[in-house]
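Novice: Could you work out the structure for the sequence below:
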Amino acid sequence: MSSPILVTGSAGFIGYHLCQRLLADGFEVIGLDAMTDYYDVSLKERRHGRLEAHKSFTPVIARLEAPDVLENLFAKHKPAMVVHLAAQAGVRYSIDAPRSYVESNINGTFELLEAARNHPLQHLLIASTSSVYGANTEMPYREVHKVDTQMSFYAATKKATEAMAQTYAHLYAIPTTMFRFFTVYGPWGRPDMALFKFTDAILNDRAIDVYNHGDMLRDFTYVEDLVDAVRRLMDAIPGDTPVSDADNLSPIAPWRAVNIGNGSPTKLLDFITALEEVLGKTAEKNMLPIQAGDMPSTWADASLLNDLIGPMNKTELKDGVAQFSKWYYEEYMMKND
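Specialist: This is a model prediction of the structure:
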């Protein structure tokens, strides 16, 4: 039997979809999740319940930052690769509850790196975020750009994990790829994310809050396209030679960061219009100023991703929004009728 893949954050939005993909591809998957109450725990339980229907999925409910949790998991299951998606998410929540970001994002990643130090892996893959680009104004964002001006504590903790992982890759020869995700959306999404909040409000005749008066640009990336890119990047193990001029491969370690984004920014108001068309309803909008910590624009240069895995799948925005809306209606509206 081949060694399993460990996915942290397996009950989360992206983690759930990645586990489904890995199971479909024939992998044994160990899914670690803490089932924290940052948002509706029952949604996480429903995701995990669907994964547990697979014989090749082993759920582990524990906090990754707790001492010895990851060490014991590595010793018992001997994973070949780890995809680390578990994190305290949310830009705005990091202003109100920064300690949880230290505990999960910093301490949790430290425990993971220590376990990887003691139990060698073929490849360690860790989720970062497009928020690390912060106040950069040169767009589209390229991995070779400096990432020194984070605008939220969430982004700062993610930047810290990039530095931590590069150091461990250097000291202990751990091949490591960091993902910089750009505004992921799709079915089974988080209730604190814009698409979920907008859909819920519109269908229930409530106004939606539109920040920066709708003058935001986001590189919306459909979750299944992103997961496909992650799956293919698992086989693109960093070595000691850059693949192109776009590569930010570390000069001291088998470590790189890779943007995963659609490469085509969309105005927030256009995103809302696409949702209105799918739902057949017009939203009442509260136009508000930008919130602290928010980035006005994000836009991925996907050249490095293309160099590593070839062209990324790109679901049309209206089609992705329609898929989410279908899931939301079946999961929430039909069950409440």
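Novice: From the rest of the structure, what touches the biggest helix by length in the chain?
Specialist: Ranked by residue count and defined by DSSP state H, the top helix of the chain is helix 153-172. Helix 153-172 has contacts (C-beta atoms under 8 Å, 6 or more residues apart in numbering) with 87-91, 93-95, 98, 101-102, 105-106, 109-110, 113, 116-117, 124, 126, 128-129, 131-132, 134, 147, 150, 174-176, 178, 238, 250, 252-255, 257, 293. Glycine gets a C-beta too; all of them are placed from N, C-alpha and C.
Novice: Let me see the contact set for M234.
Specialist: Counted by C-beta under 8 Å, 6+ apart, M234 has contacts 5, 81, 83, 123, 125.
Novice: what's the spacing between E28 and K44?
Specialist: As for E28, its distance to K44 is 22 Å (criterion: C-beta to C-beta, to the nearest Å).
Novice: Please apply the same query to S10.
Specialist: Look at S10 and K44: by C-beta to C-beta, they are 9 Å apart.
Novice: so what's in contact with those two at the same time?
Specialist: Shared contacts of S10 and K44, defined by C-beta under 8 Å, 6+ apart, comprise D33.
Novice: These two: who's more crowded?
Specialist: Neighbour totals were compared for S10 and K44, and S10 leads with 29 against 25 (other C-beta atoms under 10 Å).
Novice: on that earlier part again, let's see if you can find the most crowded of the contacts of M234.
Specialist: Tallying neighbours with other C-beta under 10 Å puts V83 at the head of these, with 29 neighbours.
Novice: Am I right that that residue is in a helix?
Specialist: No - V83: not assigned to a helix; according to DSSP: H, G, I helix; E, B strand; the rest coil it is strand.
Novice: The stretch 201-337 of the chain: helices as residue ranges?
Specialist: Along the stretch 201-337 of the chain, the segments classed as helices by DSSP state H, counting those that start in this stretch run 223-233, 268-279, 303-309, 317-328, 334-336.
Novice: Can you tell me which of those helices is nearest to G189?
Specialist: When these are compared by C-beta to C-beta, helix 317-328 sits nearest G189, at 6.4 Å.
Novice: The closest one packs against which elements?
Specialist: Packing partners of helix 317-328 (3 or more C-beta pairs under 8 Å, 6 or more residues apart in numbering; DSSP states H and E): strand 184-185, helix 194-203, helix 268-279.
Novice: Mean neighbour count for those - can I get that in JSON lines?
Specialist: Below are these laid out as JSON lines (neighbours: other C-beta atoms under 10 Å):
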{"stretch": "strand 184-185", "mean neighbour count": "24"}
{"stretch": "helix 194-203", "mean neighbour count": "20"}
{"stretch": "helix 268-279", "mean neighbour count": "18"}
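Novice: Contacts for stretch 188-197 next, please.
Specialist: In this structure, residues lying in contact with stretch 188-197 by C-beta under 8 Å, 6+ apart are 12-13, 16-17, 38-40, 43, 47, 89-90, 93, 185, 200, 208, 223, 268, 271, 275, 321, 324, 327-328.
Novice: In PyMOL, select just the buried ones from the residues you listed.
Specialist: Burial among the contacts of stretch 188-197 is assessed by 16 or more other C-beta atoms under 10 Å; the matching PyMOL selection reads:
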select buried, resi 12+13+16+17+38+39+43+47+89+90+93+185+208+223+268+271+275+321+324+328
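Novice: CA atoms of the longest helix of the chain as PDB?
Specialist: Taking Å, rounded to 0.1, in the frame of the first residue of the first chain, the C-alpha atoms of helix 153-172 are listed here in PDB:
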ATOM      1  CA  PHE A 153      -2.700  40.500  10.900                       C
ATOM      2  CA  TYR A 154      -4.000  37.500   9.100                       C
ATOM      3  CA  ALA A 155      -1.700  38.300   6.100                       C
ATOM      4  CA  ALA A 156       1.200  38.900   8.500                       C
ATOM      5  CA  THR A 157       0.800  35.400  10.000                       C
ATOM      6  CA  LYS A 158       0.700  33.900   6.600                       C
ATOM      7  CA  LYS A 159       3.800  35.800   5.500                       C
ATOM      8  CA  ALA A 160       5.500  34.500   8.700                       C
ATOM      9  CA  THR A 161       4.700  30.900   7.800                       C
ATOM     10  CA  GLU A 162       6.300  31.400   4.400                       C
ATOM     11  CA  ALA A 163       9.500  32.500   6.100                       C
ATOM     12  CA  MET A 164       9.300  29.700   8.600                       C
ATOM     13  CA  ALA A 165       8.800  27.100   5.900                       C
ATOM     14  CA  GLN A 166      11.700  28.500   3.800                       C
ATOM     15  CA  THR A 167      14.000  28.300   6.800                       C
ATOM     16  CA  TYR A 168      13.000  24.600   7.600                       C
ATOM     17  CA  ALA A 169      13.400  23.800   3.900                       C
ATOM     18  CA  HIS A 170      16.900  25.200   4.000                       C
ATOM     19  CA  LEU A 171      18.000  23.600   7.300                       C
ATOM     20  CA  TYR A 172      16.400  20.200   6.800                       C
END
